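>>> Build me a model from this:
(2 chains)
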Amino acid sequence: MRFSGYQNNIAFDELLARGGRARPHTGKLLQYLRRMPREEVLERKRAADLTIRALGISFTVYSEGENIDRDWPYDVIPRVIRASEWRRIEQGLVQRLTALNMFINDVYNDQRIFKDKVIPAELLAKSKNYRKQCEGVKPMYGVWAHICGSDLIRDKDGTVYVLEDNLRVPSGVSYMLENRRLTKRVFPELFDNFNILPVDDYSNNLFNTLASLSPRPSRYPEIVVLTPGIYNSAYFEHAFLAQRLGAELVEGSDLVVGDDDCVYMKTIEGLSRVDVIYRRVDDLFLDPETFEKDSVLGCIGLMRAWLAGNVALANAPGAGVADDKVVYTYVPQMIKYYLGEDAILANVPSYACWDKLERDHVLANLDKLVVKPANESGGYGMLVGNQASSKEREEFARRIKADPRNYIAQPIITLSTVPTVCGREIQPRHVDLRPFSLQGQSNYVTAGGLTRVALPKGSIVVNSSQGGGSKDTWVVED
Amino acid sequence: MLARVAERMYWFGRYMERAENTARLVDVNGQLTLDLPQAADVVWKFSTDVIDSTELFVSHYGQATERNVVRFMLADVRNPASLATTVKFARENVRSSREVLPSEAWEIVNNLHHFVDEHMQQAITRKNRPAFLDTVIGYSQRMVGLLSGTMSHTEGYRFIQLGRNIERADMTSRIADMGAMELFGHRDRLTEAHDNILWTNVLRAISAYQMFRQFSHDRIIGSDVVDFVFKDLWFPRSVMRCLAVMQQVMAHLPRNTEVEQEMRKTVAQLAKCNIETMDKEAMHVYITDLQLEIAHLHDRIATTWFSYPA
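Numbers count the residues shown, from 1 in each chain, chains lettered A, B, ... in the order given. Below you'll find the predicted structure:
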């Protein structure tokens, strides 16, 4: 299939260099695709779509008062990253998560970083994800965020930036694993010729990380995955991970906290003690006794059990304090402060609107910036300045002035592109990358991650809830 | 195993079995009407009677025509026992507990759901219906085979077996009951010659015809049929066999003392009754009692393994 008319001058293209030539690590893939007849490529795409449907790889969107199960959108052409570049990114992610965990631990304990005036203390006052109930807690290894999904993007000049650190309940890793499975079915021939780093070891590493948190020294800690239930958009993933971990998939109503402040699950044999909860329920719904009074997703007394050290929660409640777009702007300083190192991965230059100078700059340049609320996820509540109407920009200016702490702004970055099958053509589409990092007793980063792709032409919104698709991501030895 | 998951496995077993039974019932009745065109309304009412939904049916459709009943039994989601409903519920139970099942189980139930969804309209017509129902039954059989051959026969599997067998026992007793009642009730319109056809179809509705034939070398006599489908020790859809399987399964489940006791009582009762000597009334009373026992057994299973005080 030919790449006729493929425009690779709009952004950095991950597979094609200037002039449409292959990059050193993508030559074999491009040659393979170019030699394959168009109908064959389209046929394999159809086969992939059928497989997705048959396997029930789905995600749930909430729309017009209904939960709709949609087939997972997957594009057959993988995104390829060279291993030498990846090793640097991997180091950067480990460095970043380590520093973020030191920060969270500091926030809830000594607050040195504020006392030393590296980060202004006012930051906490308005943090939506700061949990007073967590003050003084010292989780095992000093780690609060055990599982992190970082969003990486690449700008026109090839620089990779960290756009977000998702430290609450990041999702997507099951789709990373399923995408690989799909590509193996669609292009099995390719796996012979490439040295593609496997991603399948994630489940084992997740298991080891969770097991390392068990408060009871036992060879067989009881690990459960706590899901909000079948109507959650990531339910597929919760079930998938429970299956891979060999863990029970529990809902809040399956758990009960005893008078001994230990967590038990209701089994057919009676109550059975739980050691580690990989919770995919937000902080505020975890425990009606401590947080939202009428939450039915959590379990009464869970916080009591956690505070007593009788159960491990991953991620720990309160970890989201570092998953705040204003806190984000200080991560390079954090790395310097806690680790004495320079950040390996760059932050996207950001303006925090609570600072008057920066706010004025933002308000004067709304048409050239992306404005984001500090605590939203899923790409909601964003303003992309150059694509918005003047009315929308005015609305955002009003919101920023009303609640400056809640907004940051960043220059509009032209996300890199990857060739993508669009209809009967191959066209460039913008992508980001979400690798997943683990931290418990040790650190681990997935080889690559989940590449999300904005399917409408020119779009940079990659969220699957808003029309995004996905690709398999290959890290290959060059 | 989580109590909630055990409950979903149990219901998954029940719904898959119910889907298959509904498919068989509609298929057999479709064929029966070809033999008894003058009693088509009786035959079709029989379907809704078996699933205890005649009232619901009448309130939505009125007349028990083939088209109406088939639509109600297969496609109508307002009918809790329709094929569409049971397949949907079977799928929901797997979807919300797929981590304990082999992943192919999800693929099968998911494909069944898509198949039923996409072909439902064709299934209403007489011409395409047998092939459609065959496929549905095939899916159910594949599921049984898959689970038997690839899933560890531990708790999850045991609860599926409990669900499947209690559903089967229930359905068999309903079909036999309705068969007997309808026969006795419409003597005026049916000749003795039709007896054969009707009892044959009672047997067919629970796939028992051939096995009954091998078992009994006599002509088809109503009480023999009822005796076979209730008390045969080895036919997998007889009530006795279903109860025996449940009994075996329960022996390996925790906290089983009381429910096993109950089970033994039911089995003993079934074993000692003498169907041959019963008249119509006695048989009906007997079958009704047995159905109550089965319902009671279900409650006992639920309180033993599924429910926790709030």
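
>>> which SS state does residue A:256 fall under?
Secondary structure, DSSP: H, G, I helix; E, B strand; the rest coil: residue A:256 is strand.

>>> residues touching it, list them.
A:263, A:264, A:265, A:266, A:271, A:299, A:300, A:301, B:308 (CB atoms under 8 Å, 6 or more residues apart in numbering or on different chains). To be clear about C-beta, it is placed using only N, CA and C from the backbone, and glycine gets the same treatment.

>>> so can I have CSV of those showing secondary structure and distance to residue A:347?
Shown next, in CSV, are the contacts of residue A:256 (DSSP: H, G, I helix; E, B strand; the rest coil; distance: CB to CB, whole Å):
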residue, secondary structure, distance to residue A:347
A:263, strand, 38
A:264, strand, 43
A:265, strand, 41
A:266, strand, 45
A:271, strand, 47
A:299, coil, 37
A:300, coil, 40
A:301, coil, 39
B:308, coil, 49
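
>>> what's the longest helix in chain A?
Looking across chain A with DSSP state H, the single longest helix is helix A:83-108.

>>> tell me which element the residue nearest the centre of chain A falls in.
By CA atoms, centre = their mean, chain A has its centre lying nearest to residue A:149, at 3.1 Å. Here residue A:149 sits within strand A:147-154, counting by DSSP states H and E.

>>> Rounded mean pLDDT for that strand, please.
For strand A:147-154, mean pLDDT is 96.

>>> can you check stretch B:247-259 too?
So the average pLDDT for stretch B:247-259 ends up being 95.

>>> so how far is that stretch from its chain's centroid?
The chain centre lies 23 Å from the centre of stretch B:247-259; the measure is CA atoms, centre = their mean, to the nearest Å.

>>> ok, how many other residues are close to the nearest residue to residue B:121 once chain neighbours are set aside?
Leaving out its chain neighbours, the residue that sits closest to residue B:121 by CB to CB, 6 or more residues apart in numbering or on different chains is residue B:75, at 7.9 Å. Using other CB atoms under 10 Å in any protein chain shown, residue B:75 has 18 other residues around it.

>>> Distance-wise, check residue B:75 relative to residue A:404.
Going from residue B:75 to residue A:404 by CB to CB, to the nearest Å gives 57 Å.

>>> And the nearest residue to the residue nearest to the centre of chain A once chain neighbours are set aside, how close does it get to chain B?
Leaving aside its sequence neighbours, residue A:149 sits nearest to residue A:170 (CB to CB, 6+ apart; 2.9 Å). Counting by CB to the nearest CB, to the nearest Å, the separation of residue A:170 from chain B is 20 Å.

>>> dump the residue contacts of residue A:170.
Going by CB under 8 Å, 6+ apart, residue A:170 touches A:147, A:148, A:149, A:434, A:436.

>>> hang on, the earlier thing: hmm, which of the contacts of residue A:256 are the buried ones?
A:263, A:264, A:265, A:266, A:271, A:299, A:301 (16 or more other CB atoms under 10 Å in any protein chain shown).

>>> So what pairs up with the fifth one in the strands?
For residue A:271, the residues forming beta bridges with it (DSSP bridges) are residue A:266.

>>> Verify the stated contact: it with residue A:260.
No. Using CB atoms under 8 Å, residue A:271 makes no contact with residue A:260, being 11.0 Å away.

>>> Now do the contacts for residue A:247.
Contact analysis of residue A:247 by CB under 8 Å, 6+ apart lists A:223, A:224, A:225, A:241, A:278, B:99.

>>> likewise residue B:104?
Contacts for residue B:104 (CB under 8 Å, 6+ apart) come out as B:146, B:150.

>>> For the helix or strand encompassing it, what is the distance to the chain centroid?
Per DSSP H and E: residue B:104 is located in helix B:103-124. Distance of helix B:103-124 from the chain centroid (CA atoms, centre = their mean) equals 19 Å.

>>> buried stuff in that helix?
B:105-113, B:115-116, B:123-124.

>>> again, but for stretch B:230-244
Neighbour-count burial for stretch B:230-244, counted by 16+ other CB under 10 Å, picks out B:230, B:231, B:232, B:235, B:237, B:238, B:239, B:240, B:241, B:242, B:243, B:244.

>>> got CSV for these, with secondary structure too?
As requested, the buried residues of stretch B:230-244 are exported to CSV (three-state DSSP):
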residue, secondary structure
B:230, helix
B:231, helix
B:232, coil
B:235, coil
B:237, coil
B:238, coil
B:239, helix
B:240, helix
B:241, helix
B:242, helix
B:243, helix
B:244, helix
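
>>> show me where chain A has helices.
Using DSSP H, helices in chain A cover A:27-35, A:38-55, A:83-108, A:112-115, A:122-125, A:173-186, A:190-193, A:202-211, A:235-245, A:302-307, A:325-328, A:331-339, A:356-364, A:390-402.

>>> now those helices as CSV including mean neighbour count, mean pLDDT and distance to residue A:134?
Below are the helices of chain A laid out as CSV (neighbours: other CB atoms under 10 Å in any protein chain shown; pLDDT from 0 to 100; distance: least, CB to CB, whole Å):
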stretch, mean neighbour count, mean pLDDT, distance to residue A:134
helix A:27-35, 15, 92, 47
helix A:38-55, 15, 92, 39
helix A:83-108, 20, 97, 5
helix A:112-115, 15, 96, 16
helix A:122-125, 14, 84, 12
helix A:173-186, 21, 95, 25
helix A:190-193, 12, 85, 45
helix A:202-211, 19, 96, 20
helix A:235-245, 22, 90, 24
helix A:302-307, 22, 96, 9
helix A:325-328, 23, 88, 15
helix A:331-339, 18, 97, 18
helix A:356-364, 15, 93, 30
helix A:390-402, 14, 92, 29
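
>>> what's the closest of those helices to residue B:128?
Residue B:128 lies closest, by CB to CB, to one member of the helices of chain A: helix A:38-55, at 22.9 Å.

>>> which residues are in contact with that closest one?
By CB under 8 Å, 6+ apart, the list of residues contacting helix A:38-55 from outside reads A:1-2, A:33, A:71-72, A:74-76, A:178, A:182, A:185-187, A:421, A:424, B:103, B:106-107, B:110-111, B:114.

>>> could you redo the last one with a cut-off of 6 Å?
A:1, A:71, A:72, A:76, A:182, A:186, A:421, B:107 (CB atoms under 6 Å, 6 or more residues apart in numbering or on different chains).

>>> again, but for stretch A:147-162
A:11-12, A:93, A:97, A:163-167, A:170, A:345-348, A:413-416, A:432-438.

>>> ditto for stretch A:423-435
The contact list for stretch A:423-435 (CB under 6 Å, 6+ apart) reads A:3, A:7, A:149-153, A:172, A:415, A:417-420, A:445-446, A:449-454, A:460, A:462.

>>> any idea how far whatever residue of the stretch 151-300 of chain B ends up closest to chain A lies from residue B:305?
Nearest residue of the stretch 151-300 of chain B to chain A, counting by CB to the nearest CB: residue B:254, 4.4 Å away. Per CB to CB, residue B:254 is found 8 Å from residue B:305.

>>> The two: which has the busier surroundings?
Using other CB under 10 Å as the criterion, residue B:254 and residue B:305 rank with residue B:305 on top: 24 against 12.

>>> is it true that that one touches residue A:268?
Yes. Between residue B:305 and residue A:268 there is a contact at 4.6 Å, judged by CB atoms under 6 Å.

>>> Need the residues touching each of those two.
Here residue B:305 and residue A:268 have residue B:6 as joint contacts, going by CB under 6 Å, 6+ apart.

>>> Quick check: residues of the stretch 201-310 of chain B near chain A?
Within the stretch 201-310 of chain B, the positions lying close to chain A (CB under 6 Å from any CB of the partner chain) are B:254, B:305, B:308.

>>> My read is that the last one contacts residue A:268, right?
No. Residue B:308 is not in contact with residue A:268 according to CB under 6 Å; the separation is 10.6 Å.
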